[in-house]
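> okay, sequence plus prediction incoming.
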Amino acid sequence: MSDHIDREEAESILQSAPFHQFLGVTFAEYEEGHVVIECPFREEFLVNEDKEIVHGGVLSSLVDIAGHYAVLSSVDARVPTIDLRTDYLRPGRRGPFTVEAEVDRVGRNVAVADAEVRQEQRGETKSVTLGRGSYGVSHVE
């Protein structure tokens with residue numbers, strides 16, 4: 001039995017979740033303790049079409065998803081979110097998002113991962129959102 005979820009299994013889990021399918025998220029990188037997720041833009045992400053600002057719930061969801069899979073890449077366990085902190089640095093705009101997450105700590109019962117949502121804006125890659133998630137570690141038997 002593996003001590004963590006491999007990329008193939010993680011992709012299967014990712015693609016089986018209806019919300020993840022709606023977002024269109026895919027793995028760009030998947031290594032133990034580190035993932036990069038890409039998310040294409042959808043019109044439904046906008047909170048206000050006039051200002052073209054992406055709803056903060058989309059950005060916090062991306063933080064949570066990336067953190068979740070970073071932890072899954074480190075343990076063979078169920079890892080429900082138990083706490084999520086999100087800092088919005090600037091508005092998300094039209095265009096795809098890249099989310100990078102790194103495991104900070106895996107304990108017996110709790111794991112912590114940090115994530116950053118980035119986006120090309122005005123020709124530069126900008127950090128849009130930073131977040132930290134805590135995930136319960138419930139080992140699969």
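That came through, no problem.
> the residue with the largest distance to the centre of the chain: what's it in contact with?
Residue farthest from the centre of the chain, counting by C-alpha atoms, centre = their mean, is Asp50 at 27.1 Å. Contacts for Asp50 (C-beta atoms under 8 Å, 6 or more residues apart in numbering) come out as none. For the C-beta atoms, the positions are set from N, CA and C on the backbone; glycine is no exception.
> poorly predicted segments of this protein, please.
Across the chain, the ranges flagged by pLDDT under 70 are 1-2, 140-141.
> I'd like the next helix or strand past the helix or strand where Glu102 lies.
Under the criterion of DSSP states H and E, Glu102 resides in strand 97-106. Once strand 97-106 ends, the next helix or strand along the chain (criterion: DSSP H and E) is strand 110-121.
> got the buried residues for that next one?
Using 16 or more other C-beta atoms under 10 Å as the test for burial, strand 110-121 gives 111-119.
> so which elements touch it?
Packing partners of strand 110-121 (3 or more C-beta pairs under 8 Å, 6 or more residues apart in numbering; DSSP states H and E): helix 56-72, strand 97-106, strand 124-136.
> now do the last one: everything it contacts.
Around strand 124-136, the neighbours that count as contacts under C-beta under 8 Å, 6+ apart are 59-60, 62-64, 67-68, 71, 78-92, 97, 104, 109-120.
> recalculate using a threshold of 6 Å.
Residues outside strand 124-136 that contact it (C-beta atoms under 6 Å, 6 or more residues apart in numbering): 59, 63-64, 67, 71, 79-90, 92, 110-119.
> sec struct for the residue farthest from the centre of the chain, please.
Under DSSP: H, G, I helix; E, B strand; the rest coil, the three-state class of Asp50 is coil.
> distance of it relative to Gln121?
Per C-beta to C-beta, to the nearest Å, Asp50 is found 18 Å from Gln121.
> and what of Asp76?
Here Asp76 is placed at a distance of 38 Å from Gln121 (C-beta to C-beta).
> how about the nearest residue to the residue nearest the centre of the chain, chain neighbours excluded?
The structure's the chain has its C-alpha centroid closest to Ala66; by C-alpha atoms, centre = their mean the separation is 2.1 Å. Once flanking residues are discounted, Ala66 sits nearest to Ala101: 3.6 Å by C-beta to C-beta, 6 or more residues apart in numbering.
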